[in-house]
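*Asks:* turn this into a model:
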Amino acid sequence: MATYSTEIEAAKAQDEVFEYMATFSNAREWDPGVVNGESLTPGPAAVGSVYRLGVRIAGRVVPFDYRILELDRPRRVVLQATHGHIVSTDTITVEPAGSGPGSLVRYVAMLEGTGLLRLASPLIARFFNTMADRGAAGLRTTLA
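*Replies:* Below you'll find the predicted structure:
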């Protein structure tokens, strides 16, 4: 299993940042590895909402349908996607940052290979960390 964790300071208030992050199709705006994103569920983010992201992997665009498993508005959202032998779980926590209007985003992403892909875990982790670093950099720019 590969795990990536980062903290990002956001200039905007907790509520606004949380809604932006929980609407996971927005990943297309900040993650350069995400080619496209769409909501498959109408309305605001809720438990059971599904967001389809087209993720570029090895030159191909692979669809991942992220479903919200847990939602504690405006603090925490947990999303999970499964594609073939890959399970991706993302936990996003948003808290107020001090006494100002900003907020702090904690993002933990776990990628797990199942079946034969489990044997390739070290290689997957290296690739995953590189992709996640690019996503975190994009998120920092977007939330600044």
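*Asks:* now the helices: where do they sit in the protein?
*Replies:* Counting by DSSP state H, one finds helices in the chain at the ranges 14-22, 27-30, 121-143.
*Asks:* and E7, which of these is closest to it?
*Replies:* helix 121-143 (9.3 Å; Cβ to Cβ). Any C-beta I mention is one placed from the backbone N, CA and C, and that applies to glycine too.
*Asks:* quick check: mean pLDDT of the closest one?
*Replies:* When pLDDT is averaged over helix 121-143, the result is 82.
*Asks:* just stretch 49-66 next, same as before
*Replies:* 94.
*Asks:* redo the helices of the chain as CSV? Include mean neighbour count.
*Replies:* Formatted as CSV, the helices of the chain follow (neighbours: other Cβ atoms under 10 Å):
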stretch, mean neighbour count
helix 14-22, 20
helix 27-30, 18
helix 121-143, 15
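*Asks:* which strand of this protein spans the most residues?
*Replies:* strand 60-72 (DSSP state E).
*Asks:* buried residues in that strand, which are they?
*Replies:* 64, 66-68, 71 (16 or more other Cβ atoms under 10 Å).
*Asks:* which residues sit against that strand?
*Replies:* Applying Cβ atoms under 8 Å, 6 or more residues apart in numbering, the contact partners of strand 60-72 are 22, 24, 35-36, 40, 45-56, 76-81, 83, 88, 90.
*Asks:* tell me what the spatially closest residue to F128 that is not a sequence neighbour is bridged to.
*Replies:* Of all residues not flanking F128 in the chain, A2 sits nearest, at 4.3 Å (Cβ to Cβ, 6 or more residues apart in numbering). Assessed by DSSP bridges, A2 has beta-bridge partners L111.
*Asks:* from what I can see A2 touches M131, true?
*Replies:* No - using Cβ atoms under 8 Å, A2 is not in contact with M131; the gap is 10.0 Å.
*Asks:* go ahead and flag the most central residue of this protein.
*Replies:* D90 (5.2 Å; Cα atoms, centre = their mean).
*Asks:* which residues touch it?
*Replies:* 24, 66, 78-80, 107-110.
*Asks:* and the gap between it and A11?
*Replies:* 22 Å (Cβ to Cβ, to the nearest Å).
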